[in-house]
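Q: sequence and predicted structure, then a few things I'm wondering about:
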Amino acid sequence: SREDVHYFGAGPAPLPSVVLTEAAEALVNYKGKGLGLAEISHRSGDANDVLRETKENLTTLLNIPDNYEILFMQSGGTGEFSAVVQNLVSAWVEKRRKATDEQIRKEHPGLSDKEVESKVIASLKEQKEKELKLDYLVTGSWSLKASQEAARLIGDKYVNVALDARAHNDKKFGKIPAEDTWKLTPTGKGKPGPAFVYFCDNETVDGVEFPSFPKSLESQTGDEADGPVVVADMSSNFLSRRVDVAKYGVIFAGAQKNVGVAGITIAIVRKSLLAPAVASPPPHILRELGLAPVPIVLDYSTAAKNNSLYNTLPIFNLWIAGRVMKKLVDDYKGKGLAGQEEISHRKAEAIYGALDKYPNVYRVVPDKSVRSRMNICFRVNGGDAEREKEFLAGAEARLLQGLKGHRSVGGMRASSYNAVSEDAVHKLVAYLEHFAQAGQ
Ligand code: PMP
């Protein structure tokens, strides 16, 4: 039964049993209406209630300020790799287009609209070549993928890999080097700064997590009037600790680790990056610049304007995420995410504690300063294939499942997302102890 199995997979991942039991009923007969939640219109009153309640609970948990929109998107974390590039580059172009248009009209009052436009385009081409930079902090395989997608969409030369953590660690991920080694695009008076700075808060495959918000990004004011454009992928540590949302331009997270089932992706976007503050540039201007308009399903402004209902939103999936959020609100009454943060920390400490106790048997992969609380990556007996197989077989026999590391890096990975109970962690710790002692 569910109570006997302890699953440590990296995502999809366990969800609270109470939510799933309720979900099973909601799928068949929602609120006793004789219809399931996946069967009703995404524009019905019930669907609207789900949307509203989910936003309310998320706002409570993360203390989301009023100048942010919560968007529910559908193409996963990977979809957001593309969406952030296309939306924020469009915003970058549009702000410059408006400013350049105004300036040219002032300088040359007699020009026709057509003449102004051709001057604007010429100037924008120049600005793009000189000033368009997207900064990426590459600390693991997901930020690497995101940076590669940016390069694929707009061209290598506009992507500044401000940090490739492998360069500082024997060509492997596992460290976040000191911030004074990062090569961020210069910002400040007279310098345009990057269109955005991107990082992945928790690298699921490599077990590397930023311990806190990077200091050098506090002053990353770039081109934004009201704060830095920092983009963070929080897919695998979303709602596991407190976050100061005001520091970010965009936060995104796929649901399928800490909050729900695949099919919903949450994006929290500062309104100053969206219409009406920044409209979409005319498509022909983007094309002149060698850029494409944002595909409509990835367009943040369209999602915001339509309350995430531009096209069919999977309301059942959203409802699950909403119930998980509501449960966090209720479980940690008054404490908010500080409550979950405490537990996440305690679980990680217990697992790392057991691993560190037997250095002859276990080796934690990432550096101590950046160990993830969510994905705990380690090797058994220096990565000996037989011993690692034995370790996994012994774990399976105790119904401790999903401990195999990502295929790209091998080894072990214990994911300790929000719904992995402390009891499950204690059982894993007992097994880590048992296996180490038996092998010594
Ligand atoms: N970012 C991170 C940190 C992830 O862990 C993952 C998936 N495991 C992704 C992005 C990609 O998400 P998706 O599979 O939803 O596209």
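A: Good, I have the coordinates. Numbering: from 1, shown residues only.

Q: outside of stretch 30-49, which residues touch it?
A: By Cβ atoms under 8 Å, 6 or more residues apart in numbering, the residues outside stretch 30-49 that reach it are Ala26, Leu27, Val28, Asn29, Val50, Leu309, Thr312, Leu313, Pro314, Ile315, Phe316, Trp319. Bear in mind the C-beta positions are built from the backbone N, C-alpha and C, glycine included.

Q: average pLDDT for it?
A: The average pLDDT within stretch 30-49 is 95.

Q: thinking again about what came up before, export the contacts of stretch 30-49 to a markdown table and tack on neighbour count, secondary structure and distance to Glu94?
A: Formatted as a markdown table, the contacts of stretch 30-49 follow (neighbours: other Cβ atoms under 10 Å; DSSP: H, G, I helix; E, B strand; the rest coil; distance: Cβ to Cβ, whole Å):
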| residue | neighbour count | secondary structure | distance to Glu94 |
| --- | --- | --- | --- |
| Ala26 | 19 | helix | 41 |
| Leu27 | 15 | helix | 42 |
| Val28 | 13 | helix | 47 |
| Asn29 | 13 | coil | 47 |
| Val50 | 25 | helix | 33 |
| Leu309 | 17 | coil | 24 |
| Thr312 | 10 | coil | 28 |
| Leu313 | 23 | coil | 27 |
| Pro314 | 17 | coil | 31 |
| Ile315 | 28 | helix | 32 |
| Phe316 | 23 | helix | 36 |
| Trp319 | 27 | helix | 35 |
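
Q: so Met73 makes contact with Glu80?
A: Yes. Met73 is within contact range of Glu80, at 6.9 Å (criterion: Cβ atoms under 8 Å).

Q: tell me which of these two has more neighbours.
A: A direct count of neighbours by other Cβ atoms under 10 Å for Met73 and Glu80 places Glu80 higher, at 26 against 21.

Q: which secondary structure element contains that one?
A: Using DSSP states H and E, Glu80 sits in helix 76-107.

Q: and the ligand, is that helix touching that?
A: Yes. Under the criterion of Cβ under 6 Å from any ligand atom, helix 76-107 makes contact with the ligand via Gly76, Gly77, Thr78.

Q: which residues of the stretch 101-250 of the chain lie near the ligand?
A: Trp142, Cys200, Thr204, Asp233, Ser235, Ser236.

Q: what's the local residue count around the fourth one?
A: By the measure other Cβ under 10 Å, the count of residues near Asp233 is 27.

Q: neighbouring strands - and their directions - for the worst-scoring helix or strand of the chain on mean pLDDT?
A: The helix or strand of the chain with the lowest confidence, counting by mean pLDDT, DSSP states H and E, is strand 187-188 at a mean of 82. Strands adjacent to strand 187-188 in the sheet, as given by DSSP bridges, are strand 191-192 (antiparallel).

Q: ok, back up a step: and the furthest pair within the residues of the stretch 101-250 of the chain next to the ligand?
A: Largest separation among those by Cβ to Cβ: Thr204 and Asp233, giving 9.6 Å.

Q: intersection of neighbour lists for those two?
A: Residues touching both Thr204 and Asp233 (Cβ under 8 Å, 6+ apart): Trp142.

Q: what residues are up against the residue nearest the centre of the chain?
A: In the chain, the residue lying closest to the centroid (Cα atoms, centre = their mean) is Asp233, at 2.3 Å. Asp233 makes contact with Gly77, Glu80, Trp142, Ser143, Ala146, Tyr198, Phe199, Cys200, Asp201, Phe252, Ala253, according to Cβ under 8 Å, 6+ apart.

Q: just these: which are in helices?
A: Among these, the members found in helices (DSSP state H) are Gly77, Glu80, Trp142, Ser143, Ala146.

Q: please indicate which of those are buried?
A: Gly77, Glu80, Trp142, Ser143, Ala146 (16 or more other Cβ atoms under 10 Å).

Q: from those residues, which single one is nearest Asn169?
A: Nearest member of those to Asn169, counting by Cβ to Cβ, is Ser143, at 14.6 Å.

Q: any idea how far the residue of the stretch 251-400 of the chain at minimum distance from the ligand is from Arg413?
A: Minimum separation of the stretch 251-400 of the chain from the ligand (Cβ to the nearest ligand atom) falls at Gly254, amounting to 3.5 Å. Separation of Gly254 from Arg413 (Cβ to Cβ, to the nearest Å): 17 Å.

Q: over to Gly110?
A: Gly110 is 67 Å from Arg413, by Cβ to Cβ.

Q: ditto for Val259
A: Counting by Cβ to Cβ, the gap from Val259 to Arg413 is 20 Å.

Q: picking up where we left off before, mind checking pLDDT for the residue nearest to the centre of the chain?
A: 98.

Q: beta-bridge partners for it, please?
A: Residues in beta-bridge contact with Asp233 (DSSP bridges): Cys200, Phe252.

Q: quick one on the thing from earlier: let me know the closest of the ones in helices among the contacts of Asp233 to the ligand.
A: Taking Cβ to the nearest ligand atom as the measure, the ligand lies nearest Gly77 of the ones in helices among the contacts of Asp233, at 2.7 Å.

Q: next, the contact list for the residue lying closest to Val294 once chain neighbours are set aside, please.
A: Spatial nearest neighbour of Val294, chain neighbours left out: Gln86 (4.3 Å); criterion: Cβ to Cβ, 6 or more residues apart in numbering. Counting by Cβ under 8 Å, 6+ apart, Gln86 touches Leu153, Ala292, Val294, Pro295, Leu298.

Q: and Ser235, by the same measure?
A: Counted by Cβ under 8 Å, 6+ apart, Ser235 has contacts Gly11, Gly77, Trp142, Cys200, Asn202, Thr204, Phe252, Ala253, Gly254, Lys257.
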